[in-house]
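Engineer: Take a look and give me a structure for this.
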Amino acid sequence: MKKKLVCYMVMAALAFSLLVGCSSQVVEEKPQEAVTLSSYSGTKVGVCIYQISDNFMTLFNNELVNYLVSKGFSKNNIIVYGSANSESIQLSQVEKLIDEGVDALIINPVNSSVARAITDKAVSNGIPLVYINREPSGEEELRWENYGFDVTYVGCDARQSGIYQGELVLDLGLDELDKNGDGVIQYFMIEGAPENVDAGYRTMYSVSTIKNAGVEMECLLDEVGNWDRVTSKLLVREGLSQGLIPELVICNNDAMALGAVDAIKSGKLVPGKDIYVVGVDALPETIAAIEDGDIAGTVFNDYILQSHRAADAVMNYLQGNGNEHYVGCDYKKVSAKNVQVIMKMILNSGSGDGGQDN
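Structural biologist: From the prediction side, this is the model:
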């Protein structure tokens, strides 16, 4: 009963954060604005999120704004745009934010390929820039270092998340996974996005970690789910309808893992028994699914720590201090063994609602 109570508390807290994010009726083209007094109360910060409807980025954005407000920034001066997963829209939003006189930019890029153009716009206008969640290319990051740009990336190493997914699968054991007893793990891979660095690393390292442990694998389906639950459901359901029965579904994020669970259930199969599913992010619904046995495990993409470090990096720049060009955070494995610990950590680590209503 105590475990369930803690679970419901976490679900309620995180669901409230998501609802709060939705309550402002955010549209992709219009900014969210709206505070508190302090030394930063007159400072303008512009934020672009690749797609504001993304559940994980909603949690990230809410925590980011709340933390900035807790440090004295005015909510009226924190302008947040959703970029509708479009590079051209994001670039126009960056230009608009610069024209509006922002003092700093925090950007979740649509793709790594758009980062160079965003960097050039920020640097040419003397505006410090912090990238979040989606890492630009190594070549782009080297450019920041070579030219001393006030640009940094805050995020986790996606290779680690792939490795942790592989380890979560290995923890299940070959005897448990190998339902047909052929000594080979048949699997579906549902990838995030074609040009996304994180998606590529998660795909590569999850599989290589399992194979490097001596487990033979056979990929029955490898499709792009665009980080979306419904798309993933359709892809997995189509694979099952063709008679492809995997023992494992590896998804680059939790939204797609939840979609895979939906498809498995609609196919009259039992997730966590007939087919195992793993994801990345530790969304509140995924935490509940782990508790229920529908999802074998996920990897906590610590949006609380990342958003705080991104805001701290902005403040360092505003104070005239520099930052490392790469500010890293660690992922954490989540399974039935430690889900209670992770839930309590999430519940106790946030910055509070901070009056946030975007």
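Engineer: C-alpha coordinates for stretch 337-353, PDB please?
Structural biologist: Provided in PDB are the C-alpha atoms of stretch 337-353 (Å, rounded to 0.1, in the frame of the first residue of the first chain):
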ATOM      1  CA  LYS A 337      14.100  -3.300  -8.600                       C
ATOM      2  CA  ASN A 338      14.600   0.400  -8.000                       C
ATOM      3  CA  VAL A 339      11.500   2.200  -9.300                       C
ATOM      4  CA  GLN A 340      10.400   3.200  -5.800                       C
ATOM      5  CA  VAL A 341      13.800   4.900  -5.200                       C
ATOM      6  CA  ILE A 342      13.600   6.800  -8.500                       C
ATOM      7  CA  MET A 343      10.000   7.900  -7.800                       C
ATOM      8  CA  LYS A 344      11.000   9.400  -4.500                       C
ATOM      9  CA  MET A 345      14.000  11.100  -6.000                       C
ATOM     10  CA  ILE A 346      11.900  12.700  -8.700                       C
ATOM     11  CA  LEU A 347       9.300  13.800  -6.100                       C
ATOM     12  CA  ASN A 348      11.900  15.400  -3.900                       C
ATOM     13  CA  SER A 349      14.200  17.000  -6.500                       C
ATOM     14  CA  GLY A 350      12.000  19.400  -8.400                       C
ATOM     15  CA  SER A 351      12.000  23.100  -7.800                       C
ATOM     16  CA  GLY A 352       8.300  23.300  -7.000                       C
ATOM     17  CA  ASP A 353       5.600  24.900  -9.100                       C
END
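Engineer: can you give me the mean pLDDT across that stretch?
Structural biologist: In this model, stretch 337-353 has a mean pLDDT of 81.
Engineer: Equivalent analysis for stretch 277-289, please.
Structural biologist: Stretch 277-289 shows an average pLDDT of 97 in the prediction.
Engineer: show me where this protein has helices.
Structural biologist: In the chain, the helices defined using DSSP state H lie at 2-23, 55-70, 87-99, 115-124, 138-147, 158-172, 174-177, 197-212, 229-241, 254-266, 284-292, 303-318, 339-349.
Engineer: Output these as JSON lines; include the columns mean neighbour count.
Structural biologist: Any C-beta I mention is one placed from the backbone N, CA and C, and that applies to glycine too. Formatted as JSON lines, these follow (neighbours: other C-beta atoms under 10 Å):
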{"stretch": "helix 2-23", "mean neighbour count": "15"}
{"stretch": "helix 55-70", "mean neighbour count": "24"}
{"stretch": "helix 87-99", "mean neighbour count": "18"}
{"stretch": "helix 115-124", "mean neighbour count": "18"}
{"stretch": "helix 138-147", "mean neighbour count": "14"}
{"stretch": "helix 158-172", "mean neighbour count": "22"}
{"stretch": "helix 174-177", "mean neighbour count": "14"}
{"stretch": "helix 197-212", "mean neighbour count": "20"}
{"stretch": "helix 229-241", "mean neighbour count": "20"}
{"stretch": "helix 254-266", "mean neighbour count": "25"}
{"stretch": "helix 284-292", "mean neighbour count": "21"}
{"stretch": "helix 303-318", "mean neighbour count": "22"}
{"stretch": "helix 339-349", "mean neighbour count": "17"}
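Engineer: will you turn the ones you listed into TSV that also has distance to G183?
Structural biologist: Shown next, in TSV, are the helices of the chain (distance: least, C-beta to C-beta, whole Å):
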stretch	distance to G183
helix 2-23	36
helix 55-70	36
helix 87-99	45
helix 115-124	44
helix 138-147	38
helix 158-172	15
helix 174-177	8
helix 197-212	13
helix 229-241	22
helix 254-266	23
helix 284-292	28
helix 303-318	39
helix 339-349	30
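Engineer: Go through these and name the closest to V184.
Structural biologist: Closest approach to V184 among the helices of the chain (C-beta to C-beta): helix 174-177, 9.8 Å.
Engineer: Need the contact partners of that closest one.
Structural biologist: Outside helix 174-177, the residues within contact range by C-beta atoms under 8 Å, 6 or more residues apart in numbering are 169, 183, 185, 215, 247-248, 276.
Engineer: try 7 Å
Structural biologist: 185, 215, 247-248, 276 (C-beta atoms under 7 Å, 6 or more residues apart in numbering).
Engineer: G181 - how many residues pack around it?
Structural biologist: 7 (other C-beta atoms under 10 Å).
Engineer: where's it relative to D175, distance?
Structural biologist: Separation of G181 from D175 (C-beta to C-beta, to the nearest Å): 9 Å.
Engineer: and the helices of the chain, which one is worst for confidence?
Structural biologist: Note on the helices of the chain: lowest mean pLDDT is at helix 2-23, with a mean of 43.
Engineer: ok so, going back, quick one: which two of the contacts of helix 174-177 are the most distant?
Structural biologist: Farthest apart among the contacts of helix 174-177 by C-beta to C-beta are V215 and Y276. That separation is 13.1 Å.
Engineer: Mind checking which of these two has more residues around it?
Structural biologist: Taking other C-beta under 10 Å, V215 and Y276 do not tie; Y276 has more neighbours (25 against 18).
Engineer: Thought A296 was touching that one, still the case?
Structural biologist: Yes. Using C-beta atoms under 7 Å, Y276 is in contact with A296, at 4.5 Å.
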